[in-house]
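Student: next input, structure requested:
(one chain, ligands or ions: 2)
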Amino acid sequence: MTSLQRFKTIGNIGAGTMGHATALQFALHGYTVNLLDTSQEALDHGLQLIKNDLKTFQENDLLTDDPAIILARIHLTTDYQQALHTADFVIESVVEDLAVKRQVWQHVEQVVPQDTLLATNTSGLSPSAIQRVLTHPDRFVVAHFWNPAQLMPLVEVVPGEQTAPATVTTTVALMTAIGKHAVPLKKESLGFVGNRIQLAVLREALHIVQEGIATPSAVDDIVKYSLGRRWSLVGPLASADLSGLDVFNNISRYLYADLANETDADPTLARQVAAHQLGLKTGQGLFDWTGDRGQAIVAQRDQQLLTLLKRDHQQDETR
Ligand SMILES: NC(=O)C1=CN([C@@H]2O[C@H](COP(=O)(O)OP(=O)(O)OC[C@H]3O[C@@H](n4cnc5c(N)ncnc54)[C@H](O)[C@@H]3O)[C@@H](O)[C@H]2O)C=CC1
Ligand SMILES: O=C(O)[C@@H](O)C(=O)[C@H](O)[C@@H](O)CO
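Tutor: Ligands and ions are numbered 1, 2, ... in the order given. Got it, this is the predicted structure:
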């Protein structure tokens, strides 16, 4: 039996923004998924999100099975025992709170079989800080998906200090089996790689606006039509090699000392949260999101992501 043949049933904790999409990703690839949340209302909301995604995938010829067959693989429950007692792999996407995640994983460990692999979709919390409350921490790992998880390829697979190497390699293989681009890290760091870079860029972008250097719209345009365009083709380190490390060395010698270096909560983000101006979810953030502008931009982004996903599928078929 190959290392993956034993994986048939997935325990999927959380049916929200991320959890509904991870459940769908496993169901799309033939796995039985027990979708667990705290209320029937949350489960029903998650199921509706799954149905919406399935409709989009079907309209874009991205399904290999009938939607009804895929939906039949997903079973909703609010009962941990029912969701997890036969699970071969558990993926958790509950609130980004270390105490809550620790409680969830201690409960999980009481009901899963001995050889079940355990994965959290935390955005950047330390896997070591979670696994230290587990009896069998060797089977715990981070599988960090990117939003929207049904459209974004990457999953960062991150070991904690007590994670067994086989847990990492098997999780990478399983993520690959469900159509993801899985990248293992050598060791943990807060924010892993993607969010360290995302937050470093966000800190500098907010600093630029705060200092009156450019407007939020100008900052976003500059990144979209330069770095964003190039980095989707050649990553930042290879780009540095292509331009010449001597050039970057000369730039770093005067620029590093001038970059944003806040180490506390970001002043702009703190101000926005204090004013309850959280972005799309409240209609106001760094931009004005009143009306349907937000939905239109999300729809446009997701359609572009779908086009890239279809290209990925076509490239996979020719391999
Ligand atoms: N939203 C995003 O862009 C991304 C979020 N993440 C991470 O994924 C995790 C979830 O984030 P979202 O999906 O955005 O949150 P969300 O708030 O949309 O969904 C969380 C779900 O977990 C459920 N839940 C809470 N406690 C539970 C428990 N004890 N047992 C079962 N279900 C429980 C909630 O009812 C809710 O349905 C967080 O750790 C977050 O950092 C990772 C990548 C991207
Ligand atoms: O940006 C994403 O999709 C994810 O990698 C994250 O974890 C983000 O930090 C997200 O949680 C913030 O919206």
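Student: how near is Gln82 to ligand 1?
Tutor: In this structure, Gln82 lies at 13 Å from ligand 1, with C-beta to the nearest ligand atom, to the nearest Å as the measure. (Glycine included, C-beta is placed from N, CA and C.)
Student: need the helices for the stretch 101-250 of the chain, in chain order.
Tutor: The residue ranges that make up the helices of the stretch 101-250 of the chain, judged by DSSP state H, counting those that start in this stretch, are 127-131, 165-177, 194-210, 216-224, 227-231, 236-243, 245-255.
Student: please name whichever of those is nearest to ligand 2.
Tutor: Taking C-beta to the nearest ligand atom, helix 194-210 is the member of the helices of the stretch 101-250 of the chain nearest to ligand 2, at 4.9 Å.
Student: ok, and does the closest one reach over to ligand 1?
Tutor: No: using C-beta under 6 Å from any ligand atom, no contact is recorded between helix 194-210 and ligand 1, whose separation bottoms out at 8.4 Å.
Student: mind giving me the packing neighbours of that helix?
Tutor: Under the contact criterion of 3 or more C-beta pairs under 8 Å, 6 or more residues apart in numbering; DSSP states H and E, the helices and strands touching helix 194-210 comprise helix 216-224, helix 267-274.
Student: again, only this time at 6 Å
Tutor: Helix 194-210 sits against helix 216-224, with contacts defined as 3 or more C-beta pairs under 6 Å, 6 or more residues apart in numbering; DSSP states H and E.
Student: which other residues reach the helix it packs on?
Tutor: Residues from elsewhere that reach helix 216-224 (C-beta atoms under 6 Å, 6 or more residues apart in numbering): Ala205, Ile208, Val209, Leu286.
Student: dump it to CSV, restricted to CA.
Tutor: The C-alpha coordinates for helix 216-224 follow below in CSV (Å, rounded to 0.1, in the frame of the first residue of the first chain):
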residue,chain,number,x,y,z
PRO,A,216,-3.1,53.8,-1.3
SER,A,217,-4.3,53.6,-4.9
ALA,A,218,-0.9,54.6,-6.3
VAL,A,219,0.9,52.1,-4.0
ASP,A,220,-1.4,49.3,-5.2
ASP,A,221,-1.0,50.3,-8.8
ILE,A,222,2.8,50.4,-8.6
VAL,A,223,2.9,46.9,-7.0
LYS,A,224,0.4,45.4,-9.4
